[in-house]
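I'll drop the sequence and a predicted model, then ask my questions.
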Amino acid sequence: MKRKSTSLSQPSLKSSKFPKLAKSIRKHIRKEKARIRREVLDLKEQEKQIEELYKKTKKKKIISPPIIPVLEEKVGEGEEDKSSSSPFAITREDEEKWGLTGLLHDIDYEKVVNEAKASSPPFAGARVKYDLSQHSLVGAKMLEDLGIDKSICQAVKVHNEAHGIPPKTLLEKALFVTDPLTGLIVAATLVLPSKKIADLTPENVLNRFKEKAFARGANREIIKKSEELLNLKLEEFVKIGLEAMQKIAGELGL
């Protein structure tokens, strides 16, 4: 099937920020884009080279959350021949969409946090929980304005459980349950003596999962929905997520 032309690469051309990438990777991307714009005079050639930069970055699997493309392979495994009406009928051409969704899902986070800080400056030394009720709504609108695929925009909008929008497509479901899992895995890594994700085991994560006081922001009820939404038992889901993140530990700074 011939792939339709889309605007999926546009964020890499218009935005200098790549959410949740390791700081060194973001710095490298900004430096390379600045070099291209400085050395290449032709605007079309500039866009071409910047797009290639984005593609090379993505091929290195510098994507967050990294579990999303892996889940796409897992839940779609052996499903290519099923009817397109099946919720699990995923084709290989969806791989780019899933990876891009993982990359862009928190594109508005810094903007929302900064706006919340500006509207309610905390007292010196105080710990304040900022109002992030607009998170993901703002992000979805930003992506819509960039001409990004509507299914990606909707998945981004749905992933914040605060809005109470039930995920419908497989992509929406995957991002919805994966987002809190990555937070739990990072938190479980940072309390290890080594602080290295390579030393973390699925058993470690599952034990932390049971501790209600640990990483409260990682919503356990949503993580547990992996079985209902993705047909993956919690143990298998955690294993997939951890292994996906361990493969790019360097890029994640873990």
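Alright, I've got the coordinates.

excluding chain neighbours, what is closest to residue 204?
residue 188 (5.7 Å; CB to CB, 6 or more residues apart in numbering). C-beta: built from backbone N, CA, C; applies to glycine.

just the buried positions in the strand or helix carrying the one you found, please.
Assigned by DSSP states H and E, residue 188 falls within helix 170-190. For helix 170-190, a neighbour-count test (16 or more other CB atoms under 10 Å) marks 170-189 as buried.

and the residue nearest to residue 204, what's its pLDDT?
At residue 188, the model reports a pLDDT of 96.

quick one: it and residue 208 touch, right?
Yes: counting by CB atoms under 8 Å, residue 188 touches residue 208, with 4.6 Å between them.

got any residues that touch both of these two?
Common contacts of residue 188 and residue 208 (CB atoms under 8 Å, 6 or more residues apart in numbering): 214, 215.

domain assignment for the chain?
What automatic domain parsing lists as the domains of the chain is 9-60, 61-252.

these: lowest mean pLDDT?
Sorting the domains of the chain by mean pLDDT places domain 9-60 lowest, at a mean of 59.

in contact with the residue nearest to residue 204, which residues are there?
Per CB under 8 Å, 6+ apart, neighbours of residue 188: 200, 204, 205, 208, 214, 215.

tell me the buried residues in the one helix or strand residue 250 maps to?
Residue 250 belongs to helix 249-252 when assigned by DSSP H and E. Neighbour-count burial for helix 249-252 flags 249, 251, 252 (criterion: 16+ other CB under 10 Å).

the closest residue to residue 225 other than its chain neighbours and residue 41, how far apart?
In this structure, residue 225 finds its nearest non-sequential neighbour in residue 177, 5.3 Å apart by CB to CB, 6+ apart. Note on residue 177: its distance to residue 41, by CB to CB, to the nearest Å, is 47 Å.

gap between the residue nearest to residue 204 and residue 144?
Computed as CB to CB, the residue 188 to residue 144 distance reads 35 Å.

cool, and residue 245?
Taking CB to CB, one finds residue 245 at 29 Å from residue 144.

between these two, who's got more neighbours?
Higher neighbour count among residue 245 and residue 144: residue 245, with 24 against 16, using other CB atoms under 10 Å.

so which strand or helix has that one?
helix 234-246.

what's the angle from that helix to helix 170-190?
Relative orientation of helix 234-246 and helix 170-190, computed by axes from the mean of the first three to the mean of the last three CA atoms, to 10 degrees: 70 degrees.

returning to what we had before: out of the contacts of residue 188, which is nearest to residue 148?
Nearest to residue 148 among the contacts of residue 188 is residue 215, at 30.3 Å by CB to CB.

what about the closest one, how many residues nearby?
Neighbour count for residue 215, taken as other CB under 10 Å: 20.

ok, now which ones touch it?
Contacts of residue 215 (CB under 8 Å, 6+ apart): 183, 184, 187, 188, 208.

how about the helices in the stretch 51-200 of the chain?
Here the stretch 51-200 of the chain has its helices, by DSSP state H, counting those that start in this stretch, at 67-75, 95-104, 109-119, 137-145, 150-158, 170-190.

how about CSV for the ones you listed, with distance to residue 239 added?
What follows is the helices of the stretch 51-200 of the chain, written out as CSV (distance: least, CB to CB, whole Å):
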stretch, distance to residue 239
helix 67-75, 11
helix 95-104, 18
helix 109-119, 27
helix 137-145, 29
helix 150-158, 23
helix 170-190, 11
